[in-house]
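Engineer: the amino acid sequence is not available; the structure is as follows:
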Ligand SMILES: Cc1cn([C@H]2C[C@H](O)[C@@H](COP(=O)(O)OP(=O)(O)O[C@H]3O[C@H](C)C(=O)[C@H](O)[C@H]3O)O2)c(=O)[nH]c1=O
């Protein structure tokens, strides 16, 4: 298992060892010990899964304190362009993002710490997106940022995104008051 770090403090890409053979492939999708060894701490309490066809954008979402969630995200089928935006007020990289392509060949994963808005676009039909969360769903604490706010400078590679009505009216960075 390899770990890749970014200029934005806290975000970690995890590249598991994938064992291929004539039958297919095997990899460990979660190891509490290996996460601890990598400095990824969290009490993982909820697993989520969504299925999206090519061109769907979900995000950019987070849950406000005290229901903040760290997430460990991966793709079990298909491919996704995953984006995390630093919304920690005092961070030197506030408003900056990390973008990582997640796929079901390398089975790479991304650790999204608390204090980040998270979203992704599906690059293929039937993309199965799985993630572990360190807090339970709290709809009353949901927050978000507008996915295509020019101030975020995110190149999603999608022209006419399929996106929820809720996500279309999320605030821009200029009109956003971060709770982190
Ligand atoms: C997140 C969530 C949703 N739901 C219900 C609420 C809605 O009736 C339905 C769809 O929810 P939503 O449109 O918020 O789903 P996404 O747009 O995929 O939301 C996720 O998208 C981005 C990528 C994230 O990182 C978040 O974890 C999460 O917000 O599932 C639940 O019952 N439990 C949950 O934990």
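Structural biologist: Great, that's in hand. This is a predicted model, so every value here is computed, not measured. Numbering: from 1, shown residues only.
Engineer: helix, strand, or coil at residue 58?
Structural biologist: Following DSSP: H, G, I helix; E, B strand; the rest coil, residue 58 is assigned to strand.
Engineer: just the strands in the chain please.
Structural biologist: 2-5, 12-15, 19-21, 24-26, 46-52, 57-63, 71-77, 79-86, 97-103, 109-112, 116-122, 127-133, 142-144 (DSSP state E).
Engineer: can I get those strands in TSV with distance to the ligand?
Structural biologist: Where you see a C-beta, it was placed from the backbone N, CA and C, and this is true even at glycine. Converted to TSV, those look like this (distance: least, Cβ to the nearest ligand atom, whole Å):
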stretch	distance to the ligand
strand 2-5	20
strand 12-15	16
strand 19-21	29
strand 24-26	25
strand 46-52	5
strand 57-63	4
strand 71-77	6
strand 79-86	9
strand 97-103	12
strand 109-112	7
strand 116-122	4
strand 127-133	6
strand 142-144	7
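Engineer: in CSV, list those along with mean neighbour count and mean pLDDT.
Structural biologist: Output for the strands of the chain, formatted as CSV (neighbours: other Cβ atoms under 10 Å; pLDDT from 0 to 100):
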stretch, mean neighbour count, mean pLDDT
strand 2-5, 12, 94
strand 12-15, 18, 96
strand 19-21, 9, 96
strand 24-26, 10, 96
strand 46-52, 14, 98
strand 57-63, 23, 98
strand 71-77, 21, 98
strand 79-86, 24, 98
strand 97-103, 18, 98
strand 109-112, 25, 97
strand 116-122, 26, 98
strand 127-133, 21, 98
strand 142-144, 17, 97
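Engineer: tabulate those strands (a markdown table), appending distance to residue 34.
Structural biologist: Formatted as a markdown table, the strands of the chain follow (distance: least, Cβ to Cβ, whole Å):
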| stretch | distance to residue 34 |
| --- | --- |
| strand 2-5 | 9 |
| strand 12-15 | 8 |
| strand 19-21 | 15 |
| strand 24-26 | 15 |
| strand 46-52 | 17 |
| strand 57-63 | 25 |
| strand 71-77 | 11 |
| strand 79-86 | 20 |
| strand 97-103 | 18 |
| strand 109-112 | 11 |
| strand 116-122 | 21 |
| strand 127-133 | 13 |
| strand 142-144 | 30 |
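Engineer: residues contacting the closest residue to residue 141 other than its chain neighbours?
Structural biologist: Spatial nearest neighbour of residue 141, chain neighbours left out: residue 67 (4.0 Å); criterion: Cβ to Cβ, 6 or more residues apart in numbering. Contact analysis of residue 67 by Cβ atoms under 8 Å, 6 or more residues apart in numbering lists 135, 136, 138, 141.
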